[in-house]
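Enquirer: Task: produce atomic coordinates for the following.
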Amino acid sequence: MKIAILLLCHKNPKQINMLLDTMENEAIEFFIHVDKKADIIDQITHRKDIHFLPEEKRVSITWGGWSIIQAELNLFRFAYNSGGSSYFWLCSGQDLPLKPVEQIVQFFEDNNGFNFVNLFQTSSTNGGKTNKYDKRTSINFPPAVMGISNSKRILKRMLVEITGGYNHTFWIFRRKNTTGMKFYFGSQWICFSQQTLKWVLQYISKHPEYSEYFRTVNTPDESYFHTLYMNSPFAGERKDYLHYIDWSQGGNSPKTLTMDDYQKLTESSFLMARKFDINKDKKIIERIIDQHERL
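Expert: Just a heads-up that it's a prediction; the model follows:
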């Protein structure tokens, strides 16, 4: 079995190299998208099992916007067309494995055929009560309001309030659902089997209107693939995602993990964790890697 690990990277090449080194295994190949704004490719390890997206396929990513889906699609297509992989696991350059690489490979062999997709509650599973996730697809979010800057956040909040608030949308602003699908939401960090990814890529190719609708969805990386998957023939072959992520601090980004989290990480059943930052706490990264090397 071959596992394709798809990495979205934008900073800290030394940390990326630590991830690549600790997960080197004959059953794993890496496919890397480096944000077009980041000039770090030459600083990242080059090996025969590491493949970088061609320059013309790199995307300058805007937080919460369509560009993240462009980058992910480019990664999925590049890895799929390379052939030979049974699984395609979307990860980040700020991730680290919580289990030895041999155990990770064995996990996929033991769970062959399943997909690993996390799903959030929405009105479809919450007694019909609309919530903030449903809002993401109910109105148009133009590029002018997408981004992480304070001005963009203010513009987005104004748009949400004008159109009815996070838990409601006035009918005059409500979009027509041209996808013909019920929307689903979940964590960005998904893992598809080869058969599932083949179906997803074929559907997208045959139905350009699907992608067109999502170009103005808020945070499409948490609904684009999830909606497709749950409307696919493979929806019943699902287990939860493989990442440990701490959202306890609230906000739009998960907690940056430190040595304070070490005990929880060692006790976790997840295969991978995020996010780490070598500039904030190098010791936790070194401790986890050292633990793998001693096993």
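Enquirer: Going by C-alpha atoms from here, please, whenever you check contacts or count neighbours.
Expert: Noted.
Enquirer: after the host helix or strand of residue 20 comes which helix or strand?
Expert: With the criterion set as DSSP states H and E, the secondary-structure element containing residue 20 is helix 13-22. Remark: after helix 13-22, the chain's next helix or strand is strand 28-34, criterion DSSP H and E.
Enquirer: Partner strands of that next one, with direction?
Expert: Neighbouring strands of strand 28-34 in its sheet, by DSSP bridges, are strand 3-9 (parallel), strand 50-52 (parallel).
Enquirer: what's the angle from that strand to helix 13-22?
Expert: Between the axes of strand 28-34 and helix 13-22, defined by axes from the mean of the first three to the mean of the last three Cα atoms, to 10 degrees, the angle is 170 degrees.
Enquirer: how near is residue 2 to residue 71?
Expert: Noted for residue 2: a distance of 22 Å to residue 71, by Cα to Cα, to the nearest Å.
Enquirer: Same question for residue 289.
Expert: To residue 71, residue 289 is 28 Å away according to Cα to Cα.
Enquirer: and what of residue 99?
Expert: 27 Å.
Enquirer: Look at the two and report which has more neighbours.
Expert: Comparing residue 99 with residue 71 by other Cα atoms under 10 Å, the one with more neighbours is residue 99, at 23 against 20.
Enquirer: For the more buried one, which non-adjacent residue is closest in space?
Expert: Nearest residue to residue 99 in three dimensions, chain neighbours excluded: residue 271, at 5.6 Å (Cα to Cα, 6 or more residues apart in numbering).
Enquirer: Residue 104 is in contact with that neighbour, correct?
Expert: Yes - checked against Cα atoms under 8 Å, the pair residue 271 and residue 104 is within contact range at 6.6 Å.
Enquirer: Turn the strands paired with strand 28-34 into a markdown table, including distance to residue 191 and mean neighbour count.
Expert: As requested, the strands paired with strand 28-34 are exported to a markdown table (distance: least, Cα to Cα, whole Å; neighbours: other Cα atoms under 10 Å):
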| stretch | distance to residue 191 | mean neighbour count |
| --- | --- | --- |
| strand 3-9 | 9 | 23 |
| strand 50-52 | 18 | 18 |
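Enquirer: Redo those strands as TSV? Include mean pLDDT and distance to residue 222.
Expert: Formatted as TSV, these follow (pLDDT from 0 to 100; distance: least, Cα to Cα, whole Å):
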stretch	mean pLDDT	distance to residue 222
strand 3-9	98	15
strand 50-52	98	24
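Enquirer: Of all the ones you listed, which one is nearest residue 150?
Expert: If you check each of those against residue 150 by Cα to Cα, strand 3-9 wins as the nearest, at 23.4 Å.
Enquirer: Could you pull out the helices in the stretch 151-295 of the chain for me?
Expert: Taking DSSP state H, counting those that start in this stretch to define them, one finds helices in the stretch 151-295 of the chain at 194-206, 208-214, 224-230, 262-267, 282-294.
Enquirer: Out of those helices, which is the most enclosed?
Expert: Comparing the helices of the stretch 151-295 of the chain on average neighbours per residue, with mean count of other Cα atoms under 10 Å, the densest one is helix 224-230 at a mean of 22.
Enquirer: mind exporting it as PDB, just the C-alpha atoms?
Expert: As requested, the backbone C-alpha atoms of helix 224-230 are provided in PDB (Å, rounded to 0.1, in the frame of the first residue of the first chain):
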ATOM      1  CA  TYR A 224     -16.400  21.800  -0.500                       C
ATOM      2  CA  PHE A 225     -15.100  18.200  -0.300                       C
ATOM      3  CA  HIS A 226     -17.300  17.300   2.600                       C
ATOM      4  CA  THR A 227     -20.500  18.000   0.600                       C
ATOM      5  CA  LEU A 228     -19.200  16.100  -2.400                       C
ATOM      6  CA  TYR A 229     -18.200  13.200  -0.200                       C
ATOM      7  CA  MET A 230     -21.500  12.900   1.600                       C
END
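Enquirer: Could I get the average pLDDT for that helix?
Expert: The predicted model assigns helix 224-230 a mean pLDDT of 97.
Enquirer: any idea how far residue 151 is from the residue nearest to residue 99?
Expert: Relative to residue 151, residue 271 is positioned 37 Å away (Cα to Cα).
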